[in-house]
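Asks: sharing a sequence plus its predicted fold:
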Amino acid sequence: MENFFKLKEHGTDVKTEVLAGITTFMTMAYILAVNPSILGESGMDSGAVLTATALASAIASFLMALFANLPFVLSAGMGLNAFLTYTVVQGMGYTWQVALAAVFIEGLIFVVLSLTNVREALFNAIPGTLKLGVSVGIGLFICFIGLQDAHISVSSSTLVTMFSFNSSLKNGTFHSEGITVLLALIGIMVTAFLVIKNVKGAILLGILITWALGIICQLAGFYVPDPENGFFSLIPTAVFAAPASIGPTLMKMDFSILRTNPINFLVVMFSFLFVDMFDTLGTLIGCASRADMLDKDGKLPGIRGALLADACGTVVGACLGTSTITTFVESSSGIGEGGRTGLTSVTSGILFLLAAFLSPLFLTIPSFATAPALIIVGFMMMQQVTKITWGDALDAIPAYIAIFAMPFFYSISEGISLGVISYVVLHLFAGRDERKKITPVMYALCVLFVLKYIFL
């Protein structure tokens, strides 16, 4: 393992990498429950989707280790699975088989773009200050995801507000929802204390301790499961279960639309392509910045392999029967535990394979237990904000726009889009010397993003 993963060269060891892989998987395990639920609404077999998701995630994570030796873990992207179900299938009226065909072709295009350095050029073209802004924005974004997963942040007349314990006592939901919010808040403090004390495996321990506290509350009668409203038992009823057959979704892509309505198909395919490309670039920028993996020029060594693994994962996922496979921002949780090599992604990949057989156990992990991990990792990624030169408003404002766009618009790709557009426009009108800083690739990206907002 030392020879393959070059652990000493990266200042790490087997124990640290394995622990990081376990941590990343624990924060990502929810995808095994959420993805079958979302894609199931498109008409796909939920059991087959779960197995496909576990297999595709494992294969893509192994490829990340093989091609790039980086600690990034991949799975079916949130947002892209919702786009497949609610926009392509339910909104536009296409079958899920057609949607998988679009994902498959998108993946093949990504493979070509990755091999021809196009995606690498896009990564390297983004200015250093903007990359820092993307990293900070992702930190806020995953913090917001954690707050929502734990129901600490809820919708209201002001769009979002904090959960009200008083209201939950009055409407009788305190012993289901209210207790989980309280446990999540305790989990944040526990995880924060472990991080402050530099405890090895602090984030993973935080997840397990919070889950254990939940089990104690259920046994004591303080927490009462309410499955109808999404609050399930915290105690696994079983550990092992045979994986569901992948037959209902395996190689079910339908390419007939290329003959009957190629224009609409291209629109669908391009939508998958655009969101996947810039979500992945944003995630790689954010996680690599958090781990100090970028060189002095802001480039990520091994990025071509990382992008190729991402692209191949999407192709494999479409063949198996799941939506676009992409690099998960939750990889930053494992990086926060010290993960620096592909051994982290291999560990997570093995756990995804095991999850196909241990689904009753992994699917019992509650979101309120993993939410504190995301919130604390958000804190870790926010530390990059000190590296932004705030005295240089011309560079700092685009970074600021990228920072607020990601959580407020709930999209990594939107943050990159608006950051790039604002960077180009501001530098364009700031004088001749500043215009020279705009590369041809940045001009092309700006035009592409503007066209996206006009036509998509």
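Replies: Good, I have the coordinates.

Asks: ok, longest helix in the chain?
Replies: The longest helix of the chain (DSSP state H) is helix 262-290.

Asks: buried residues in the helix or strand following that one?
Replies: Sequence-wise, the next helix or strand downstream of helix 262-290 (DSSP states H and E) is helix 303-320. Within helix 303-320, the residues that count as buried by 16 or more other C-beta atoms under 10 Å are 303-320. (Each C-beta comes from the backbone N, C-alpha and C, glycine too.)

Asks: same check on stretch 219-234?
Replies: Quick answer for stretch 219-234 (16+ other C-beta under 10 Å): 223, 231, 234.

Asks: and for that stretch, what's in contact with it?
Replies: Residues outside stretch 219-234 that contact it (C-beta atoms under 8 Å, 6 or more residues apart in numbering) are 173, 175-177, 179-180, 183, 211, 214-215, 217-218, 235, 364, 366.

Asks: just stretch 305-312 next, same as before
Replies: Contacts to stretch 305-312, defined as C-beta under 8 Å, 6+ apart, come from residues 60, 63-64, 66-70, 72, 74, 107, 110-111, 113-115, 119-120, 123, 280, 284, 300, 325-327.

Asks: pLDDT weak spots in the stretch 351-456 of the chain?
Replies: In the prediction, the stretch 351-456 of the chain carries residues with pLDDT under 70 at positions 456.

Asks: what segments of this structure are strands?
Replies: 74-76, 153-156, 159-162, 325-327 (DSSP state E).

Asks: what mean pLDDT does the last one have?
Replies: For strand 325-327, the per-residue pLDDT values average out at 92.

Asks: what's it packed up against?
Replies: helix 46-68, strand 74-76, helix 262-290, helix 303-320 (3 or more C-beta pairs under 8 Å, 6 or more residues apart in numbering; DSSP states H and E).

Asks: at 6 Å instead, please
Replies: Packing partners of strand 325-327 (3 or more C-beta pairs under 6 Å, 6 or more residues apart in numbering; DSSP states H and E): helix 262-290, helix 303-320.

Asks: and the first one, what does it pack against?
Replies: Just to be clear, that refers to helix 262-290. Counting by 3+ C-beta pairs under 6 Å, 6+ apart, helix 262-290 packs on helix 96-115, helix 128-149, strand 325-327, helix 331-336, helix 412-428.

Asks: now tabulate the ones you listed in a markdown table and tack on mean neighbour count and distance to Gly342.
Replies: A markdown table is the format used below for the helices and strands packed on helix 262-290 (neighbours: other C-beta atoms under 10 Å; distance: least, C-beta to C-beta, whole Å):
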| stretch | mean neighbour count | distance to Gly342 |
| --- | --- | --- |
| helix 96-115 | 22 | 17 |
| helix 128-149 | 25 | 21 |
| strand 325-327 | 30 | 13 |
| helix 331-336 | 30 | 12 |
| helix 412-428 | 23 | 23 |
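
Asks: as a markdown table, those with distance to Asp392 would be great.
Replies: Below are these laid out as a markdown table (distance: least, C-beta to C-beta, whole Å):
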| stretch | distance to Asp392 |
| --- | --- |
| helix 96-115 | 32 |
| helix 128-149 | 8 |
| strand 325-327 | 30 |
| helix 331-336 | 27 |
| helix 412-428 | 11 |
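
Asks: pLDDT at the residue nearest to Pro301 when sequence neighbours are not counted, what is it?
Replies: Spatially, and ignoring its direct neighbours in sequence, Pro301 is nearest to Asp295 (6.5 Å; C-beta to C-beta, 6 or more residues apart in numbering). Here, the pLDDT recorded for Asp295 equals 81.
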